[in-house]
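1. here's my sequence, what's the structure:
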Amino acid sequence: MLYKQPEYRVMGDRSLLVELGNEIHVNVHERVRRLFLAVRQASLKTILDAIPGYCSLLLVFDPLTTPSDQIRKTIDDLFFELDEFELPEPAHIEIPVVYGGEYGPDLAWVASYHKTTPQNVIRRHTQTGYRVYMIGFTPGFPYMGELPENLETPRKKTPRTAVPRGSVGLAQNQTGIYPARSPGGWQIIGRTPLKLFDPSKNPPSLLEMGDRVRFFKISEEEMNHWQR
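-> Have a look, this model is predicted:
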């Protein structure tokens, strides 16, 4: 549900969570995106940082110079002007993936869970376009949705202690990519040779909130070519 006005939660002495809805939904996402871009473009000195989530925007401020009531008033003023704020066209990005085998150790399990074949899992995953809802967990990790209903998959009961960089996974109705080697509990069905996060670039993340993503299948030989 999309809220008619922002709801606020105090997050410590220097952060305020602005909630704009209570579910993962395109309309809620676009409202979060509008508010995030409005805050950035306004260059507000009272707000030190803004971190978007699925349904909310976390605002960081200096409590010694700015009371939280002032932050609320600023956001309320921006909120009621959001419909006039024009969103930029999203970037459309295609991600190559080697599915299965050592690159996708959970592909067979996912196929068994859905009572289908690995080939059908790959087809469902590549035929769907995804929206980047947020970046989080580790730098550059994109949370993308939504998966088609016939591909919604539970997380692993026991997370792995190390998931290789570039691993493409499924969790509930989301798909995502691990930008770096890290622990993780998503079902890994493939791996991309693309680098998702590079601190030497600006922006450092390949994907950003609002981008549109499609995956396409490549062979292991093509994977080696991409890496070279």
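2. tally up the residues packed near residue 73, please.
-> Look at residue 73: counted by other C-beta atoms under 10 Å, it has 11 neighbours. The C-beta positions use only the backbone N, C-alpha and C, and glycine is treated the same way.
3. roughly how far does it sit from residue 6?
-> 11 Å (C-beta to C-beta, to the nearest Å).
4. likewise residue 218?
-> Counting by C-beta to C-beta, the gap from residue 218 to residue 6 is 43 Å.
5. same check, this time on residue 152
-> 30 Å.
6. the more surrounded of these two?
-> Taking neighbours as other C-beta under 10 Å, residue 152 and residue 6 compare with residue 6 leading, 20 against 16.
7. partners of the most centrally placed residue in the chain in the sheet?
-> Centroid-nearest residue in the chain: residue 143, 2.5 Å away (criterion: C-alpha atoms, centre = their mean). Assessed by DSSP bridges, residue 143 has beta-bridge partners residue 134, residue 176.
8. and residue 215, by the same measure?
-> With DSSP bridges as the rule, residue 215 is bridged to residue 95.
9. how deep is it tucked in, by neighbour count?
-> With other C-beta under 10 Å as criterion, residue 215 counts 24.
10. same check, this time on the one 3 residues further on
-> Residues contacting residue 218 under the criterion other C-beta under 10 Å number 18.
11. top helix in the chain by residue count?
-> Longest helix of the chain, by residue count under DSSP state H: helix 26-42.
12. list the buried residues of that one.
-> For helix 26-42, a neighbour-count test (16 or more other C-beta atoms under 10 Å) marks 28, 29, 30, 31, 32, 33, 34, 35, 36, 37, 38, 39 as buried.
13. quick one: contacts of it?
-> Helix 26-42 has contacts (C-beta atoms under 8 Å, 6 or more residues apart in numbering) with 1-2, 18, 20-21, 47, 50, 52-57, 59, 75, 78-79, 81-82, 85, 87-88, 131, 133, 209-210.
14. buried subset of the residues you listed, written for PyMOL?
-> The following PyMOL line selects those of these that are buried, judged by 16+ other C-beta under 10 Å:
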select buried, resi 18+20+21+47+50+52+53+54+55+56+57+59+75+78+79+82+131+133+209+210
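15. just the buried residues of helix 26-42 now: which is nearest residue 116?
-> Of all the buried residues of helix 26-42, residue 29 has the smallest distance to residue 116: 29.1 Å, by C-beta to C-beta.
16. low-confidence stretches in the protein?
-> Under the criterion pLDDT under 70, the flagged ranges of the chain are 228.
17. put the alpha carbons of whatever helix or strand residue 119 lives in into CSV.
-> For residue 119, the enclosing helix or strand under DSSP states H and E is helix 118-127. Only the C-alpha atoms of helix 118-127 are listed here, as CSV (Å, rounded to 0.1, in the frame of the first residue of the first chain):
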residue,chain,number,x,y,z
PRO,A,118,16.9,-26.5,-15.5
GLN,A,119,16.3,-25.3,-19.0
ASN,A,120,12.9,-24.0,-18.1
VAL,A,121,14.3,-22.2,-15.0
ILE,A,122,16.8,-20.5,-17.3
ARG,A,123,14.1,-19.6,-19.8
ARG,A,124,11.9,-18.1,-17.1
HIS,A,125,14.8,-16.1,-15.7
THR,A,126,15.9,-14.7,-19.0
GLN,A,127,12.5,-14.0,-20.4
